[in-house]
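Colleague: Need a 3D model of the sequence below.
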Amino acid sequence: MRKRVVVTGLGVISPVGNDVQSFWSSLLQGLSGVNIIKSFDASGFSVQIAAEVPNFDPMQYFTQKDINRMDRVTQFGAAAARQAVADSGLMQTTFDPELVGVIVGSGIGGISTMATQHQILMTKGNRMVSPFFIPMMIPDIIPGQIAMDFGFCGPNYGVTSACATGSHAIGIAYQHICVGDADVMITGGSEAGITPLAVAGFANMKALSRHNDAPQKASRPFDLKRDGFVVGEGAGVIVLEDLEHALSRNAKIYAEIVGYGFSADAYHLTAPHPEGKGAVISMESAIRMSGLPKESFGYINAHGTSTLLNDRNETTAIKTVFGEQAYRINVSSTKSMTGHLLGAAGGIEFIVLALTLQNQIIPPTINYEFPDPECDLNYTPNIAQKKNLTAGLSNNFGFGGHNAVIAAKVYSREN
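Modeller: Below is the predicted model of the structure:
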């Protein structure tokens, strides 16, 4: 029998709050974090909006020396990890550091450092490129930095699978605990890709919303007038723990992970499979691993990007998996408020799932105004809803056809 795995710590850096409490409060109020881009002059861009992290001060977490050696993506990930570890109370107890690991992913990594150092190379020459360029740029430095911060010597690496990154990281971390590789895993995703190069790239492939005149209305998952996603940034990091280890130190428990499903569409570079094939495989796998009947699942935190194809195809996949029950499930896309955090989406959205199960209240999909006949499920429109829940899913799907789904349930001592 595999070990039971519970969630004992949460940490968030996001466009709608830089701690768990403010993040959760913003979601329940339906507040949007989308606005005109402030980090660079986007006035000449076709897309001028994003969901940036406001009021993030790295000096709250790191020394100036450390900051100078970290890309923003590492700052976000390491800051969220510090929140999550503090929340878990782990450092106030006795544990084996060789059995505490870190898997935190990023879809893009240090793209800001890449762009800055390339400009230095072109204008000032090769000798002026920073000796910290490589460690600031590579995505795997995030889990490396977190391990160094705390002295955690267990399994440690990064995951990169586009928008499925965070969910893959959590699923793999879950598996490491299940088979006994670790007692505790720090896991999730971080992203800081709101740069001129990245925004131009996403905009030119027609992936982004162009509602520059109404930023907070731009991300509208499942709505008939959706026209693309809004790029976001931030980090979501969680502490996963072997149940017996958590109980031995009297840790608080948010929820229990009970399943992980993953697959490939094997279909297209960027477009999802038209019948949601990979999404179906992943959801079915996560549910099967959970051992729970499908009727137990009352909530899905959807990938719900606000793009034409994803929202339609994810709806199709949910109906394929659940049949008539699909219409009784509450679905919501919190990307309507946070924007799409790319590699961090899975981390931050699993935190939403854990808090939803703990509090028995479902955050809404905001900006849902015009029903799409092809998207005909209950998307929890505009207002948070209380509901008695047993279990739920967190879906994330990425460019390249990567799919990852995490299943979680309300924790109880009994199976």
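Colleague: Can you tell me the number of residues neighbouring Met122?
Modeller: Taking other Cβ atoms under 10 Å as the neighbour definition, Met122 ends up with a count of 9. C-beta coordinates here come from the backbone N, C-alpha and C atoms, glycine included.
Colleague: how about it, secondary structure?
Modeller: helix (DSSP: H, G, I helix; E, B strand; the rest coil).
Colleague: per-residue pLDDT, it?
Modeller: Looking at Met122, its pLDDT reads 97.
Colleague: where's it relative to Met114, distance?
Modeller: Noted for Met122: a distance of 13 Å to Met114, by Cβ to Cβ, to the nearest Å.
Colleague: before we move on, what about Thr74?
Modeller: Distance from Thr74 to Met114, counting by Cβ to Cβ: 13 Å.
Colleague: More neighbours: those two, which one.
Modeller: Thr74 (33 against 17).
Colleague: Tell me which residues of the helix or strand harbouring the more buried one come out buried.
Modeller: Using DSSP states H and E, Thr74 sits within helix 72-88. Taking 16 or more other Cβ atoms under 10 Å as the basis for neighbour counts, the residues of helix 72-88 that come out buried are 72-85, 87-88.
Colleague: What pairs with the following helix or strand past that helix, parallel or antiparallel?
Modeller: Stepping forward along the backbone from helix 72-88, the first helix or strand reached (DSSP H and E) is strand 100-105. For strand 100-105, sheet partners with direction are given as strand 156-157 (parallel), strand 184-191 (parallel), following DSSP bridges.
Colleague: Keeping just the C-alphas, turn strand 100-105 into CSV.
Modeller: What follows is strand 100-105 as a C-alpha-only set of coordinates in CSV (Å, rounded to 0.1, in the frame of the first residue of the first chain):
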residue,chain,number,x,y,z
VAL,A,100,13.0,16.4,2.8
GLY,A,101,13.1,17.2,-1.0
VAL,A,102,12.2,20.0,-3.3
ILE,A,103,10.6,19.9,-6.7
VAL,A,104,9.5,23.3,-8.0
GLY,A,105,9.1,23.9,-11.7
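Colleague: same question for it, mean pLDDT?
Modeller: Strand 100-105 shows a mean pLDDT of 98.
Colleague: quick one: it to helix 72-88, angle?
Modeller: Between strand 100-105 and helix 72-88, the angle comes out at 140 degrees (axes from the mean of the first three to the mean of the last three Cα atoms, to 10 degrees).
Colleague: where along the stretch 201-350 of the chain do the strands fall?
Modeller: 234-242, 255-264, 297-301, 330-332 (DSSP state E, counting those that start in this stretch).
Colleague: Give me the neighbour count for Ile146.
Modeller: Burial measure for Ile146: 27 neighbouring residues, criterion other Cβ under 10 Å.
Colleague: Check Phe45 too.
Modeller: 18.
Colleague: what's near enough to touch it?
Modeller: Taking Cβ atoms under 8 Å, 6 or more residues apart in numbering, we find Phe45 in contact with Pro196, Val199, Ala200, Ala203.
Colleague: So which of the residues you listed wins on neighbours?
Modeller: Neighbour max across those (other Cβ under 10 Å) = Val199, 23 neighbours.
Colleague: For the helix or strand where it lies, which helices and strands make contact with it?
Modeller: Element membership of Val199 [criterion: DSSP H and E] is helix 196-204. Contact analysis of helix 196-204 by 3 or more Cβ pairs under 8 Å, 6 or more residues apart in numbering; DSSP states H and E lists helix 111-124 as its packing neighbours.
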